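# Sequence plus predicted model, see below.
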There are 2 protein chains.
Amino acid sequence: MNVGGKPYRTIWLNGDGWSVDIIDQTLLPHRFETVTLRNLSDAAHAIRSMQVRGAPLIGVTAAYGLCLALREDASDAGIDRACETLRNQPKDKLAGIAYRRAAEMADDDVAICKAIGGHGLRIIQALAAKKPAGHPVNILTHCNAGWLATVDWGTATAPIYAAHGQGIPLHVWVDETRPRNQGASLTAWELNGHGVPHTVIADNVGGHLMQHGQVDMCIVGTDRTTASGDVANKIGTYLKALAARDNGVPFYVGLPSPTIDWRIADGIREIPIEQRSGEELSQVTGRMSSGEIATVTITPEGSPVANYAFDVTPAALVTGLITERGVAKASREGLAALFPERAGRAG
Amino acid sequence: MNVGGKPYRTIWLNGDGWSVDIIDQTLLPHRFETVTLRNLSDAAHAIRSMQVRGAPLIGVTAAYGLCLALREDASDAGIDRACETLRNQPKDKLAGIAYRRAAEMADDDVAICKAIGGHGLRIIQALAAKKPAGHPVNILTHCNAGWLATVDWGTATAPIYAAHGQGIPLHVWVDETRPRNQGASLTAWELNGHGVPHTVIADNVGGHLMQHGQVDMCIVGTDRTTASGDVANKIGTYLKALAARDNGVPFYVGLPSPTIDWRIADGIREIPIEQRSGEELSQVTGRMSSGEIATVTITPEGSPVANYAFDVTPAALVTGLITERGVAKASREGLAALFPERAGRAG
């Protein structure tokens, strides 16, 4: 996607043939900087510090991290254990094989996201056909399931970029997405860079907008989807899905099928919800009028904070799951129809 | 309520018999400072800059502002127009009459809030009776309908303070309440000052907590309630009410009956929703590690923001309206039964 008119992926191999660059997403939207990963520890740090985030991008970063480790020491026992297929190869070729595999993963991710975009595009086209000429399709999204969370295109945003590319007028309501502000920081930044009309709103606003007909569809990503279509995603997704149902607004989830967990069915009971550091809530980072980046604490001293990272949206609230193979009903049957080979194996 | 062990109201007449002090709520939770109002312009500024907020407190501040104006110039035509009843009094006694009336308003507000507390206390007692011994009643609140929004006790918080005073174990989930952070700044600060156990959470979290049985009741305030029980309150209230219904959690609203607008019925259609400055969303104020108060911008340059201040929760989602006369069903009939003289007049 475009940044300042120039197309970028979120991760790429450098011209030297071995080092890997990423966008430091912790600095967005205030500064656009890239970071070079030169060893496994750089890659691990990038994941841990959330310079990269989003399941697809984390996966590709880990794969490149392995490349970098193999390049330095192909005999490392810990790496060997993690990569049984690679272990059967000649040691001196391991790094080369890993690089090719990482590049394939990156290209696979782009292909999956493009396919999600193509299927979602048809939903947006159908909504656009019902609007008066020139009226934009209003799409609400929560968190960042954008190209920054993948290698390119994004999952939830792929249909948006596809529709924008086709010249369909659209406007995106971007949930701020507390506590880490991924909407205000990342989704707004990438839509802005690519020229897609959008407005940042507080997470509290979506219900009001839907009551007043100002949202034509919701589309979000997912960290984990159960075999029955329950969706674990950034905290607050469930609230938007409730409002969508209450107001007859279609609620879609964009997802690469590898994020479906075929072993579990009941997301609310079976998916443990991570609690992250309370400082993500109590502290907010932004730029001061001087341009300097600063972190401020917004809660009183002495008030405890709790930071639940995800919630689970029950399948019954989801209109459709937009996968790389097409749009599935959010149900065991719906997913099994699109992925018979996976559903059968898990059953 | 207590601040550092000392009881305060939010507004009080000073020992000089004419100037009025308020708590500067824009500095909370970082600094506790009082401001002296010496003329109408001070009072108007206090309201406009949100040093005072909350309908009851704004009303009392306006009343004292009038006292201060009358003290300086009892003949002012603009003030005369606003106060027909006062105009019939001898001019030289106007200021004294206004001061008495403002003090009565303040005392009336305290009495109303205490009565709300008494009625809500019984709801909390009933919930406590069903919990295993020692387990706290978990109460979720949104925004600040606390004593800081009134003269004392608060509306939504009055039952909480009453129950806490009776030794009922309870714990309050405090919604951060974006974009102005009234929960993180004000509700957390006042609960902390009074020693009520609480935890600050992002606005996105309540649905997840309710799915997992961690909320026994919700209680919020209201800016305006229709004759049929629709509730206009801080943006995001509607989303919490949806989650409460979806999970069988009772959802109460604490309100002084003067905030009921008997002339309107359909809150979603008839209540215009204020849009406030986008900077309330794009900028966040807090304290830096140096202790200095700073404001940072969290959105990208070039990304528009929208700031809807309120939403309307339909009566069907409200378990009960806790008024100074008792708990009413959120319906025309429920309110009319408690306030027959008002309902009849409006009909």
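It's in.
# Provide a list of residue ranges in the stretch 51-200 of chain A with pLDDT below threshold.
For the stretch 51-200 of chain A, applying pLDDT under 70 flags the ranges A:74-92, A:94.
# Spell out which residues of it are next to chain B.
Taking CB under 8 Å from any CB of the partner chain as the contact definition, the stretch 51-200 of chain A meets chain B at A:174, A:176-179, A:181, A:184-185, A:188-189, A:191-192, A:198-200. C-beta here means a position set from N, CA and C on the backbone, and glycine is covered the same way.
# among the residues you listed, which ones are buried?
In these, burial by neighbour count holds for A:174, A:176-179, A:181, A:184-185, A:188-189, A:191-192, A:198-200, counting by 16 or more other CB atoms under 10 Å in any protein chain shown.
# Farthest-apart pair in the residues you listed, please.
Comparing every pair within those by CB to CB identifies A:179 and A:192 as the most remote, at 21.8 Å.
# how much space between the residue in the stretch 1-150 of chain A that chain B sits nearest to and residue A:185?
Per CB to the nearest CB, residue A:29 is where the stretch 1-150 of chain A lies closest to chain B, at 3.3 Å. With the distance defined as CB to CB, to the nearest Å, residue A:29 ends up 5 Å from residue A:185.
# which neighbours do these two share?
The overlap between the contact sets of residue A:29 and residue A:185 (CB atoms under 8 Å, 6 or more residues apart in numbering or on different chains) consists of B:299, B:300.
# How about the spatially most central residue of chain A, nearest residue that isn't a chain neighbour?
For chain A, the residue sitting closest to the mean C-alpha position, by CA atoms, centre = their mean, is residue A:145 at 2.8 Å. With sequence-adjacent residues excluded and distances taken as CB to CB, 6 or more residues apart in numbering or on different chains, residue A:145 is closest to residue A:221, at 2.4 Å.
# how far away is the one you found from residue B:309?
According to CB to CB, residue A:221 and residue B:309 sit 29 Å apart.
# out of those two, which sits in the busier spot?
It is residue A:221, of residue A:221 and residue B:309, that has more neighbours when counted by other CB atoms under 10 Å in any protein chain shown, with 30 against 19.
# Report the contact partners of that one.
A:54, A:143-145, A:149, A:154-156, A:233-234, A:253-255.
# Among the residues you listed, which lie within helices?
Within those, membership in helices is found for no residue, as judged by DSSP state H.
# Tell me where the stretch 151-300 of chain A has helices.
Taking DSSP state H, counting those that start in this stretch as the criterion, the stretch 151-300 of chain A contains helices spanning A:158-165, A:182, A:188-194, A:206-211, A:237-246, A:267-270, A:279-282.
# Grab the nearest non-local neighbour of residue A:63.
Residue A:63's closest residue in space is residue A:102 (CB to CB, 6+ apart), at 3.9 Å.
# was I right about that neighbour contacting residue A:64?
Yes: distance between residue A:102 and residue A:64: 4.7 Å, which falls inside the contact criterion (CB atoms under 8 Å).
# which one of those two has more residues nearby?
Between residue A:102 and residue A:64, counted using other CB under 10 Å, residue A:64 has the larger neighbour count: 30 against 23.
# distance of residue A:201 from residue A:102?
Residue A:201 is 37 Å from residue A:102, where distance means CB to CB.
# Over to residue A:270?
Residue A:270 is 31 Å from residue A:102, by CB to CB.
# circling back to that earlier point, if you look at the residues of the stretch 51-200 of chain A next to chain B, which of them are in strands?
With strands identified by DSSP state E, the entries of those that belong to them are A:174, A:198, A:199, A:200.
# coming back round to it: so how far is residue A:314 from the residue nearest to residue A:145?
Taken as CB to CB, the spacing of residue A:221 relative to residue A:314 amounts to 17 Å.
# Show me which helix runs longest in chain A.
Looking across chain A with DSSP H, the single longest helix is helix A:94-130.
# relative to helix A:158-165, how tilted is it?
60 degrees (axes from the mean of the first three to the mean of the last three CA atoms, to 10 degrees).
# need the next SSE after helix A:94-130, C-terminal direction.
strand A:137-141 (DSSP states H and E).
# Please compute how far that following strand lies from its chain's middle.
Counting by CA atoms, centre = their mean, to the nearest Å, strand A:137-141 is centred 17 Å from the centre of its parent chain.
# swap in stretch A:25-35?
17 Å.
# Can you measure across it, start residue to end residue?
According to CA to CA, to the nearest Å, stretch A:25-35 extends 10 Å from its N-terminal end residue to its C-terminal end residue.
# pLDDT averaged over that stretch - what is it?
Stretch A:25-35 shows a mean pLDDT of 91.
# If you count neighbours, what's buried in it?
In stretch A:25-35, counting by 16+ other CB under 10 Å, buried: A:25, A:26, A:28, A:29, A:30, A:35.
# Among these, which lie within strands?
Under the assignment DSSP E, the buried residues of stretch A:25-35 contribute residue A:35 to strands.
# okay if I get the buried residues of stretch A:25-35 as JSON lines plus distance to residue B:287?
Compiled in JSON lines, the buried residues of stretch A:25-35 are given as follows (distance: CB to CB, whole Å):
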{"residue": "A:25", "distance to residue B:287": "26"}
{"residue": "A:26", "distance to residue B:287": "22"}
{"residue": "A:28", "distance to residue B:287": "24"}
{"residue": "A:29", "distance to residue B:287": "23"}
{"residue": "A:30", "distance to residue B:287": "20"}
{"residue": "A:35", "distance to residue B:287": "30"}
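# Which member of the buried residues of stretch A:25-35 is positioned nearest residue A:112?
Within the set of the buried residues of stretch A:25-35, residue A:25 lies nearest residue A:112; the separation is 20.3 Å, counting by CB to CB.
# I figured the closest one was touching residue A:147, is that so?
No: no contact is recorded between residue A:25 and residue A:147 when judged using CB under 8 Å, the distance being 11.1 Å.
# what do these two both touch?
Each of residue A:10 lies in contact with both residue A:25 and residue A:147 under the rule CB under 8 Å, 6+ apart.
# Using CSV, write out the CA atom coordinates for stretch A:39-52.
Below are the C-alpha coordinates for stretch A:39-52, written out as CSV (Å, rounded to 0.1, in the frame of the first residue of the first chain):
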residue,chain,number,x,y,z
ASN,A,39,19.7,-11.6,13.6
LEU,A,40,17.2,-13.7,15.5
SER,A,41,17.3,-11.4,18.5
ASP,A,42,16.4,-8.4,16.3
ALA,A,43,13.4,-10.3,15.0
ALA,A,44,12.4,-11.5,18.5
HIS,A,45,12.6,-8.0,19.8
ALA,A,46,10.5,-6.6,16.9
ILE,A,47,7.7,-9.1,17.7
ARG,A,48,8.0,-8.6,21.5
SER,A,49,8.0,-4.8,21.4
MET,A,50,5.2,-4.8,18.8
GLN,A,51,7.3,-3.0,16.1
VAL,A,52,5.5,-5.7,14.1
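# State the phi and psi torsions of the closest residue to residue A:300 other than its chain neighbours.
The spatially closest residue to residue A:300, leaving aside those adjacent along the chain, is residue B:29, at 3.3 Å (CB to CB, 6+ apart). Here is the backbone geometry of residue B:29 (degrees, to the nearest 10): phi -90, psi 10.
# Would you confirm that residue B:29 contacts residue B:186?
Yes: Residue B:29 is in contact with residue B:186 according to CB under 8 Å; the separation is 7.3 Å.
# Show residues contacting stretch A:1-17.
A:19-23, A:25, A:32, A:36, A:52, A:57, A:60-61, A:64, A:99, A:103, A:106, A:110, A:147-154, A:161, A:190, A:193-195.
# ok, now stretch A:32-48?
Contacting residues not belonging to stretch A:32-48 are listed as A:3-4, A:14, A:19-24, A:27, A:51-52, A:58, A:61-62, A:64-66, A:68-69, A:72 [CB under 8 Å, 6+ apart].
# can you do 6 Å?
The set of residues external to stretch A:32-48 that reach it, using CB atoms under 6 Å, 6 or more residues apart in numbering or on different chains, is A:19-24, A:27, A:52, A:58, A:61, A:65, A:68-69.
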